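Colleague: Compute the structure for the input listed below.
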Amino acid sequence: MKRILYGFGLFFVAVASILWGGLVFPLVMAFACYWGGNEFVNMSRAKGFKPSPRIVKGMILAFFAVAALPVIPGLNIPCTYPLEHYPLLLTVGICLSFFRLLFRHETPPATIADIATTILGFIYVGFLPSHLVLLRNLTAPGVPQAENPLQQPGLAYVWVCLFIVWATDVFAYYAGKKFGKHLLYPQISPKKTIEGAVAGLLASIFWACVVVYAADNFLFVNTHPFRDKIWHAPLMGLFVSIGAQLGDLCESLLKRDAGMKDSSDAIPGHGGLLDRGDSLIFGSPISYYWIWIVVLGHF
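Modeller: Numbering: from 1, shown residues only. Sure thing, here's the model as predicted:
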């Protein structure tokens, strides 16, 4: 019962923040990823590494602050501004990671692993998932953002990303449980099966087509966010689903290396924030660049 209640609570907060958009969504995402940064630091410490928690969590907040700039009233910043300045932010974060650990007064001094896990921490839990905020704020160049958050194209883009990821997780779990016979990657995740992975892929392709068609023909008829390009939906479902499943395996790899079953016990019955969001960590940037390049035609 506790697992169900917390699951519904998380679902409600996630859906409400996505629908609201504006500053609410990046604030909710920033909080979740800030907590995820704590979990990553603790996993690294379990391996004997000592990343800088200040740099990891500070840079996570910095990525979400920059991602939120286009929705701050009065700034009139285009939706492409954050991504254009992410290289600068990454450069600052990498330099700070070296400098902070160089002058950290500890014996023995900081190691290569300390610096590497610091940089990995804010890229993995900050840079990559912040693309979901970029996706929510995305519009075609030269097209003003709609005032009504329920008619903003970014909402459709986030929905297709989430439906692909959710379909992948749900159908892979249940199909694997019922039909799974061949293990996918037992060294990393002993319960995942090839049958489950294939079911997740097929389900994600189906739901991608449903969401794209519904968005252009029923839900966003004034903006046509996907520009009636239904042909791209199966491919998007395929690639994002693969990214989501690899994201799940990558987080399992980190936990197994750290000797941990869950990234934390922050969510009773569900584990940690990283356990719940691992598929989105890679699914978000893949969705963003797919929409930007394939749907909107920019490279």
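Colleague: Could you give the backbone dihedrals for residue 190?
Modeller: As for residue 190, its main-chain torsions (degrees, to the nearest 10) stand at phi -70, psi -10.
Colleague: For it, list the residues it contacts.
Modeller: Residue 190 sits next to residue 183 when contact means C-beta atoms under 8 Å, 6 or more residues apart in numbering. To be clear about C-beta, it is placed using only N, CA and C from the backbone, and glycine gets the same treatment.
Colleague: Find me the pLDDT at it, would you?
Modeller: Listed pLDDT for residue 190 reads 88.
Colleague: same thing with residue 14?
Modeller: Residue 14 is given a pLDDT of 93.
Colleague: so which strand or helix has it?
Modeller: Per DSSP states H and E, residue 14 falls inside helix 2-20.
Colleague: and whichever helix or strand comes after that helix, average pLDDT?
Modeller: The helix or strand immediately downstream of helix 2-20 is helix 24-46, counting by DSSP H and E. Mean pLDDT, helix 24-46: 97.
Colleague: next one: stretch 246-266
Modeller: Mean predicted confidence for stretch 246-266 is 94.
Colleague: what comes up buried for it?
Modeller: The neighbour-count criterion (16 or more other C-beta atoms under 10 Å) identifies 246-252, 254-255, 258, 260, 263-264, 266 as the buried residues of stretch 246-266.
Colleague: just stretch 69-85 next, same as before
Modeller: Applying 16+ other C-beta under 10 Å to stretch 69-85 flags 69-71, 79-80, 82-83 as buried.
Colleague: Kindly report the same for stretch 191-205.
Modeller: Neighbour counts over stretch 191-205 (16+ other C-beta under 10 Å) mark 192-193, 195-205 as buried.
Colleague: In strands only, show me these.
Modeller: Among those, DSSP state E puts 192-193 in strands.
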